[in-house]
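Please work out how this folds:
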Amino acid sequence: MTKIMDLADLPWFAGLPDEVLAGIESGSRRRHADRGQLIIERGEPGDSVLFVLSGHVLAVQWTRSGREIVYSEIAPGSAFGELSVLSGMPRSLSLYARTACVLLETPGTLLTGLMDTQPQVRQAVIQGLVRRIHDLTERVQELTALDVEERLRAYLLRVSLEHGGLEPGRRMPDPPTHAEMANIIGANREAVSRALAKLSRAGIIESGRKYLRIMQPDALIPDDTGRGDCPSR
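Down below sits the predicted model:
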């Protein structure tokens, strides 16, 4: 059974007094989203923040030709929507449930009030925004300097770290499809499928229907040439 996080488990709210947590809970509402369901549409008014209590969410945008670009995958414990709340601007990205999700929607006025009265909430929001800038900078670097296989390696490394570390044989729960991976790393599905097959032949990963296991995480780490260890076969 998928674990649903408690309010006190959310990084922004960890350590807050019980009465403050109770006020957040009573002023917010829980939402459930099925896999593939639209949660937020680009251009909508941004008057609330949403926290992922379970499941995964994709932040996406489309090109004029209709190609989907995935900006980020939002994991349990993370928040989204605070940029619009703080800037007063409409939503800049659309968000879809990659898996079935439970979300907590908190009014923007409640968040800004907490930022005024709870220093740790204000600090957590600032740190989250700075982290997002770093992530976007890293993504731009990957898109401009790395080829498809190198970007895929970097993505698999990040996912391994997000799911508990670089332990050999660690299984990635509910991995994205090849098409979703392609949208995340800025490639096409065929190129991602070829790169995954190459990593599988080298014994670095094992993959099958609805599972992916990182067998040799150290081999994904770039060497002095910029590539990991992937012997040709």
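
can you map out the strands along this structure?
Assigned by DSSP state E, the chain shows strands spanning 29-33, 38-40, 48-54, 57-62, 68-74, 79-80, 94-97, 101-107, 170-172, 205-208, 211-214.

And those strands: which comes nearest Leu152?
strand 205-208 (10.0 Å; Cβ to Cβ). Bear in mind the C-beta positions are built from the backbone N, C-alpha and C, glycine included.

Show me what that closest one is packed up against.
With contacts taken as 3 or more Cβ pairs under 8 Å, 6 or more residues apart in numbering; DSSP states H and E, strand 205-208 sits against helix 189-201, strand 211-214.

Check which residues of it are buried.
Buried positions in strand 205-208, judged by neighbour count with 16 or more other Cβ atoms under 10 Å: 205, 207.

worst average pLDDT in the helices and strands packed on strand 205-208?
Mean pLDDT across the helices and strands packed on strand 205-208 is lowest at strand 211-214; the value there is a mean of 84.

What strands line up against it, and which way round?
strand 170-172 (antiparallel), strand 205-208 (antiparallel) (DSSP bridges).

need the contact list for the most centrally placed residue in the chain.
What sits nearest the mean C-alpha location of the chain, by Cα atoms, centre = their mean, is Glu73, with 2.4 Å. Counting by Cβ atoms under 8 Å, 6 or more residues apart in numbering, Glu73 touches 56-59, 98, 176, 184.

could the residues you listed be laid out in a markdown table, adding distance to Pro168?
Shown next, in a markdown table, are these (distance: Cβ to Cβ, whole Å):
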| residue | distance to Pro168 |
| --- | --- |
| His56 | 24 |
| Val57 | 29 |
| Leu58 | 28 |
| Ala59 | 31 |
| Arg98 | 26 |
| Pro176 | 21 |
| Ile184 | 24 |
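
Closest to Arg170 out of these?
Checking the contacts of Glu73 one by one against Arg170 (Cβ to Cβ), the nearest turns out to be Pro176, at 16.1 Å.

State the distance from the closest one to Arg201.
21 Å (Cβ to Cβ, to the nearest Å).

The two: who's more crowded?
Pro176 (21 against 13; other Cβ atoms under 10 Å).

any idea how far Ile184 is from that one?
7 Å.

Ok, Gly36 next?
16 Å.

and the two? which has more neighbours close in?
Neighbour count, other Cβ under 10 Å: between Gly36 and Ile184, Ile184 has more, with 24 against 11.

Now that one. Nearest residue, chain neighbours left out?
Computed as Cβ to Cβ, 6 or more residues apart in numbering, the closest residue to Ile184 that is not its neighbour in sequence is Val70, at 4.4 Å.

so what's the one you found bridging to?
Bridge pairing for Val70 - DSSP bridges - gives Val60.

any idea how far Lys3 is from it?
24 Å.

ok, the two, which is more surrounded?
Each of Val70 and Lys3 has its neighbours counted (other Cβ under 10 Å); Val70 has more, 20 against 9.

any idea how far Asn188 is from that one?
For Val70, the distance to Asn188 - Cβ to Cβ - is 13 Å.

do Val148 as well
Here Val148 is placed at a distance of 8 Å from Asn188 (Cβ to Cβ).

So these two - more neighbours on which side?
Val148 (17 against 14).
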